[in-house]
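>>> need coordinates for the below:
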Amino acid sequence: MPKLKETPVQRMERVFRAAVFYGLERRAETIDDLAKRAPNARSTTYRRVRIPRTCTFEEGLFYIPKFLNDRQLCEMWGVEYHGITPEDVAAVIEGKDKNI
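So this is what the prediction gives:
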């Protein structure tokens, strides 16, 4: 059976879950640690991470700055990332960047 194309909602949920779990792993925390700091009940936090489309705007404002960088946000929304590149960093270090 052929693999179905991922929908935009499925892509957003996949990127969100991956970013949250990567952020927790990077900080050596567990989902329980996140649930203690979250602005809602523990069971709600588990559900929000498992099914991100159920997040409210307020909860999104809690999760996004903690776990998603600009590249992940672009991937989540399906737009091309136009952030800084390694060449831009080299230009800044060498003092050749005219935008600063």
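
>>> contacts only, for the residue nearest to the spatial centre of the chain.
Centroid-nearest residue in the chain, with C-alpha atoms, centre = their mean: residue 68, separated by 2.9 Å. Contacts for residue 68 (C-beta atoms under 8 Å, 6 or more residues apart in numbering) come out as 15-16, 19, 76. To be clear about C-beta, it is placed using only N, CA and C from the backbone, and glycine gets the same treatment.

>>> swap in 10 Å and give it another go.
15-16, 18-20, 22-23, 60, 74-76 (C-beta atoms under 10 Å, 6 or more residues apart in numbering).

>>> and it, how close does it get to residue 50?
Between residue 68 and residue 50 the distance is 17 Å, computed by C-beta to C-beta, to the nearest Å.

>>> from what I see, residue 70 and residue 19 are in contact.
No: at 11.6 Å, residue 70 does not count as touching residue 19 under the criterion of C-beta atoms under 10 Å.

>>> other residues contacting the lengthiest helix in the chain?
As assigned by DSSP state H, the longest helix anywhere in the chain is helix 8-26. Applying C-beta under 10 Å, 6+ apart, the contact partners of helix 8-26 are 4-7, 29-34, 48-53, 55, 60, 63-64, 66-69, 72-78.

>>> distance from that helix to the middle of the chain?
Counting by C-alpha atoms, centre = their mean, to the nearest Å, helix 8-26 is centred 6 Å from the centre of its parent chain.

>>> quick check: residue 40 vs residue 34, distance?
Going from residue 40 to residue 34 by C-beta to C-beta gives 11 Å.

>>> quick one, which of these two is more surrounded?
Shown here are residue 40 and residue 34; by other C-beta atoms under 10 Å, residue 34 has more neighbours (22 against 15).

>>> contacting residues around the more buried one?
Contacts of residue 34 by C-beta under 10 Å, 6+ apart are 20, 23-24, 27, 42, 45-46, 48-49, 62-63, 66-67.
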